[in-house]
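Enquirer: my questions are about this predicted structure, shown below with the sequence.
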Amino acid sequence: MVAVEGILSIQSHVAYGHVGNCAAVFPLQRLGFEVWSVNTVQFSNHTGYGVWKGHANTVEQIREILSGVEARGAFGRVQAVVSGYLGDPLLGDAVLETVAKVRAARPGAVYACDPVMGDVGRGFFVRPGIPEFFRDRAVPLADIVTPNAFELAWLADRSIDSLDDALAGAAAVRARGPSLVVVTSLELPGAQDEIVVLADTAEGSWLVRTPKLPLTVNGTGDATTALVLGNRLTSSDVATVLQRSVSAMYELVRLTHETGSREIELIAAQDAYGQPPQLFPVERVR
């Protein structure tokens, strides 16, 4: 019997809609990956609705679940660990402990960290201590980091007002440990009708521009991180990883806008994850 390899995804769960694991797992599966999901919360729906039911799992409960997965011998078959929103710095401890155990069992395993902290216009929306946890502990241990523009500014301790600022900020974050920094949702001067996504590595930097669509929905960051991770695990060419990930995400957002849905159209867009209908050009900027 061939031992199956997989991705360990430690994120939130909702019964209705698509955020956290409910936004990340399916795209990874459509890309051909086995995914072992550990749910940090069990909510009826995402909190953006203002009302929800359910509960957050305690750190002890999450550690117990992770211990059970480890007992199955799965840690030695984990290709990558991915984490997103953290409700408690203690949960961050459990994530990093798991990354260390996975890397001990499977040297070379990738850690993809989406440092969910806040957004432009909203500011921080996480508990005190979470931003510092990401900056000081999680980012230095990650291989892939996927901040938005607001999060990049915090992690790099500089304002992000231009492409040069974004490049400098990404380089500053990369200098802390990650090999790949993907900056999502950049809005650059003179390009108000575009969304720019930037990928920065030691070997070079690339960006992809897509039209800006007039909608705001939850779960896009979780899906983007999943696509970047999945494409990175199958390709060493960062330009290709960026192009395929951003092009697939644009189709997902386009379909969501077209239907007027408050939830991302994760299922309707499933064919785009492996074969985006439109590949947007990649521009090398460094």
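Expert: Now that the structure is in, tell me what you want to look at.
Enquirer: beta partners of residue 82?
Expert: Counting by DSSP bridges, residue 82 forms beta bridges with residue 9, residue 112.
Enquirer: and the strands in the stretch 51-200 of the chain?
Expert: Counting by DSSP state E, counting those that start in this stretch, the stretch 51-200 of the chain has strands at residues 54-56, 78-83, 110-113, 118-119, 123-124, 144-145, 180-186, 194-200.
Enquirer: would you single out the least confident of those strands?
Expert: When the strands of the stretch 51-200 of the chain are compared on mean pLDDT, strand 123-124 scores lowest, with a mean of 82.
Enquirer: what's near enough to touch the nearest residue to residue 113 once chain neighbours are set aside?
Expert: Nearest residue to residue 113 in three dimensions, chain neighbours excluded: residue 142, at 3.9 Å (Cβ to Cβ, 6 or more residues apart in numbering). For the C-beta atoms, the positions are set from N, CA and C on the backbone; glycine is no exception. Contacts were defined as Cβ atoms under 8 Å, 6 or more residues apart in numbering; by that measure residue 142 touches 111-113, 177-178.
Enquirer: what does residue 272 give?
Expert: Residues in contact with residue 272 (Cβ under 8 Å, 6+ apart) are 247-248, 251-252.
Enquirer: can you list the buried residues in stretch 117-131?
Expert: Neighbour counts over stretch 117-131 (16 or more other Cβ atoms under 10 Å) mark 117-119, 126, 130-131 as buried.
Enquirer: quick check: the residue sitting nearest the centre point of the chain vs residue 32, distance?
Expert: Centroid-nearest residue in the chain: residue 225, 2.7 Å away (criterion: Cα atoms, centre = their mean). Separation of residue 225 from residue 32 (Cβ to Cβ, to the nearest Å) stands at 17 Å.
Enquirer: got it, and residue 14?
Expert: Noted for residue 14: a distance of 25 Å to residue 32, by Cβ to Cβ.
Enquirer: between the two, point out the one with more neighbours.
Expert: residue 14 (24 against 11; other Cβ atoms under 10 Å).
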